[in-house]
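> How does the following fold in three dimensions:
(chains A and B)
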Amino acid sequence: MRRTIAILLSLGFWAIAAWAGFWLLMQRFPPTGEVVFDVPFDGRSAWIDPFLPGERVTSPGPQQDGWVGQRIIQEPVYASARTPGVFDTVDVEVEFRTIRQPLLELGLLRDEEAFQFEYKPLWFEPLQDEAVWHPVSIVRGYARERKFQEAETIAVWHASTTYPALSDPAHAMQTTRVSLRGAHDIYAVPAGGQVQFSFEMQDVNRARGPDTVAFRLFKNGEIIGADVLGIGGAHDSGMGPVIEKEITIPNATPGVYRIQIIADDDIFIRAIHTNAMHWVLGPRLVFADEVGFEPEPRAGIAWSNSQHVVLETFHNEGLQTVTFGSQEVALTRTHDTFRIDRREPDAHPQRIEAPVGDVRIVGDGWFALSPEAFFTPQPRRMTDGSDPLAEGVTTIHTPYLRPLALGDGWFQATTTFQLDPREDRLRFALAAPGILSRTGAVDIRNIRLTYRRPPLSWEEWQRVLKEELRNAWYRLR
Amino acid sequence: MLTQPLYAIVRRQATYALTAFVCAALALESAIPGAVLPFLDIVPIAMAALFLLLYDATRRSRARHLPWVAVVLKLCFAGVILGAMIALIPWHGRAGLLAAGVIGLGTITLAFWPQK
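Numbers count the residues shown, from 1 in each chain, chains lettered A, B, ... in the order given. Model prediction:
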């Protein structure tokens, strides 16, 4: 009898240990292929951290006006989530409330080195008016009227659109003397069957050391090539030499070509030579200063179809009055953003002039450095300053789904991201453009993360196990 | 088996089962961060395993030859668990530490409970 009791008790302990181990494994490898974490945003969940940095948010937990969660008062803010295994997608369902903040975007970090996020729409207040904006499934977005729309009245918000098949006749190389700083995107129409650009680039070495400039080439949104330029030596500390870099796309068929220049703010473009008749930059244009290069500052002049531009300078020398069409704004402080909003529903490009350069401009349209070079590679973007009704927008291409109203000003919005199976942690960014200048806030009280992959079959089990073993090997080696 | 009191047999088997689970869970967590800790606060359980194992190492071994090998092995396992727990300390909060303390005290009490 004693022997039986002893054996049964011992087996019982081993069975409990085995069951606990099995239960842990089932959390990692759920047979349904779906794991859900529905967590109050009070900072206590092991699955998602509260938003940071601390100076842009309140402490997570009970808030002054009685609700529990976290308030965001500046942007962007970042939060990390722990992935519970190898999954293909994650649905992020956010319960939020906005105060004087018309637009929110949620991003997932895609390129750690370039710190690039893939942003998805989360909230756009003007589209909440169901009587005016109707969901349209054909173009995936919202429209005011069910009829053919002029291209100028179409806008996009995180949606890809069809690029026009554009081409120009052969054209001689032309030089544009301009000082641009850091990363830029150039969109060009091929001329005579080729796209040819040559950039005069300089490492100004304000941060000592070598720099690398990466070029990525796209046609109609699809990558077709890449190039790289190493510039500056490890011990260089002064203004570096001007180096010319050529980018040529021969046999370019009609379309829109994009040259993405990835560089830090130590890299200045001093001149651009191109055979393109039509080429624009955007949505970011940074006129550089001329300190140490030219004796006098150079005016930054461009033409833009933007309805809204945000301007910022980082130097006292850059304090100036910038004009955009008939409007102007005085930049009176460094490291602060200033806006110009055009309210007329006129997409015709207007001249924007910064008398001493040295200013960063971000718009919802495109910038050309001469009026005849202007073209619109894509419809204009929706931004936090957009008022689609006042601006004559009739259709918005967007994957945005109108959030569900929960009452008392709270909404529930869901967005989905594809996942990389090698990632242990996801880094989210919440963008609330203009929140500081309009003293707005975003309250978040709950987040529901739903990770998905196909239900476990023999093949799926093999795939997941292989990924887990590979990830474990990389972690432990 | 019958030469030992029932209590000692059950305690020893419970110790080994718990140690096996804790070691497996710690190995899983180190290979796949987030596979265990968000679901289960392993520290109090590891604490129990550690004390039971240390206590068991002080008891008479059933091995006829080289009984000290069993003692060294138990101490090694205890060392692994202790090291893992130290590594895990930043992970858990006040509640986990409190639970670890209570379980630790309880385990010591049970382990040193007088027996025939």
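
> Whether the helix or strand where residue B:21 lies contacts chain A - can you check?
Using DSSP states H and E, residue B:21 sits in helix B:6-31. Yes: when contact is scored as CB under 8 Å from any CB of the partner chain, part of helix B:6-31 falls within range of chain A: B:6, B:9-10, B:13-14, B:17-18, B:20-21, B:24-25, B:28, B:30-31. In short, each C-beta sits where N, CA and C put it, glycine included.

> For that helix, name the packing helices and strands.
Of the remaining helices and strands, those touching helix B:6-31 by 3 or more CB pairs under 8 Å, 6 or more residues apart in numbering or on different chains; DSSP states H and E are helix A:2-28, helix A:458-476, helix B:42-58, helix B:67-88.

> which helices and strands sit right next to the helix or strand containing residue A:37?
Applying DSSP H and E as the criterion places residue A:37 in strand A:34-40. Under the contact criterion of 3+ CB pairs under 8 Å, 6+ apart, the helices and strands touching strand A:34-40 comprise strand A:441-452.

> Run the chain-centre distance for the strand it packs on.
For strand A:441-452, the separation from the chain centroid amounts to 19 Å (computed by CA atoms, centre = their mean, to the nearest Å).

> Ok, stretch A:21-38 next?
Going by CA atoms, centre = their mean, the spacing between the C-alpha centre of stretch A:21-38 and its chain's C-alpha centre is 32 Å.

> Quick check: buried residues in it?
In terms of neighbour count (16 or more other CB atoms under 10 Å in any protein chain shown), stretch A:21-38 has its buried residues at A:21, A:24, A:27, A:28, A:29, A:30, A:33, A:35, A:37.

> Could you do stretch A:209-219 as well?
Result for stretch A:209-219 [16+ other CB under 10 Å]: buried residues A:211, A:213, A:215, A:216, A:217, A:218, A:219.

> just those now: which is nearest chain B?
Using CB to the nearest CB, residue A:216 is the member of the buried residues of stretch A:209-219 that sits closest to chain B, with 32.8 Å.

> Not counting its neighbours along the chain, what's nearest that closest one?
In space, not counting the residues next to it along the chain, residue A:216 is nearest to residue A:260; the distance is 4.3 Å by CB to CB, 6 or more residues apart in numbering or on different chains.

> Tell me, please, the helix or strand in chain A that averages the lowest pLDDT.
Across the helices and strands of chain A, the lowest-confidence element by mean pLDDT, DSSP states H and E is strand A:380-381, at a mean of 81.

> Then chain B?
Quick look at chain B via mean pLDDT, DSSP H and E: least confident is helix B:94-111, a mean of 64.

> that older thread, that's a helix at the residue nearest to residue A:216, yeah?
No: when DSSP: H, G, I helix; E, B strand; the rest coil is applied, residue A:260 is found to be strand, with no helix at that position.

> Pipe the buried residues of stretch A:209-219 into CSV and attach pLDDT and secondary structure per row.
Rendered in CSV, the data for the buried residues of stretch A:209-219 read as follows (pLDDT from 0 to 100; DSSP: H, G, I helix; E, B strand; the rest coil):
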residue, pLDDT, secondary structure
A:211, 81, strand
A:213, 91, strand
A:215, 94, strand
A:216, 93, strand
A:217, 94, strand
A:218, 93, strand
A:219, 91, strand
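
> of the residues you listed, closest to residue A:98?
Of all the buried residues of stretch A:209-219, the one sitting nearest residue A:98 is residue A:218; the distance, using CB to CB, is 34.0 Å.

> picking that back up, ok, the least confident helix or strand of chain A: who's next to it in the sheet?
Looking at strand A:380-381 with DSSP bridges, its partner strands are strand A:154-156 (parallel).

> who's in contact with the closest residue to chain B within the stretch 51-200 of chain A?
Nearest to chain B, among the residues of the stretch 51-200 of chain A, is residue A:82, at 4.7 Å (CB to the nearest CB). Taking CB atoms under 8 Å, 6 or more residues apart in numbering or on different chains, we find residue A:82 in contact with A:46, A:47, A:48, A:424, A:425, A:426, B:33, B:34, B:38.

> what's the farthest-apart pair in those residues?
The two members of the contacts of residue A:82 with the most space between them (CB to CB) are A:48 and B:33, at 15.2 Å.

> of those two, who's got more company?
Counted by other CB atoms under 10 Å in any protein chain shown, residue A:48 and residue B:33 do not tie: residue A:48 has more neighbours, with 20 against 17.

> ok, back up a step: please identify the most buried of the helices and strands packed on helix B:6-31.
Scoring these by mean neighbour count under mean count of other CB atoms under 10 Å in any protein chain shown gives helix B:42-58 as the most buried, with a mean of 22.

> Next, the angle from that one to helix A:2-28.
Angle of helix B:42-58 versus helix A:2-28, following axes from the mean of the first three to the mean of the last three CA atoms, to 10 degrees, is 150 degrees.

> Next, see if helix B:42-58 gets close to chain A.
No: remark: helix B:42-58 sits outside contact range of chain A, by CB under 8 Å from any CB, the gap being at least 8.8 Å.

> how about low-confidence regions in the chain?
Since no chain was named, I'll use chain A. By pLDDT under 70, the low-scoring segments of chain A are A:139, A:146-152, A:162, A:232-237, A:343-347, A:476-477.

> hm, I was asking about chain B
Across chain B, residues meeting the criterion (pLDDT under 70) sit at B:1-4, B:60-67, B:87-101, B:103-116.

> Swap in 80 and give it another go.
Under the criterion of pLDDT under 80, the regions of chain B flagged as low confidence span B:1-8, B:27, B:30-34, B:57-116.

> residues contacting residue A:356?
With contacts taken as CB under 8 Å, 6+ apart, residue A:356 has the following neighbours: A:289, A:297, A:298, A:299, A:317, A:318, A:320.

> got the phi/psi numbers for it?
Reported as degrees, to the nearest 10, the phi and psi values for residue A:356 are phi -120, psi 20.
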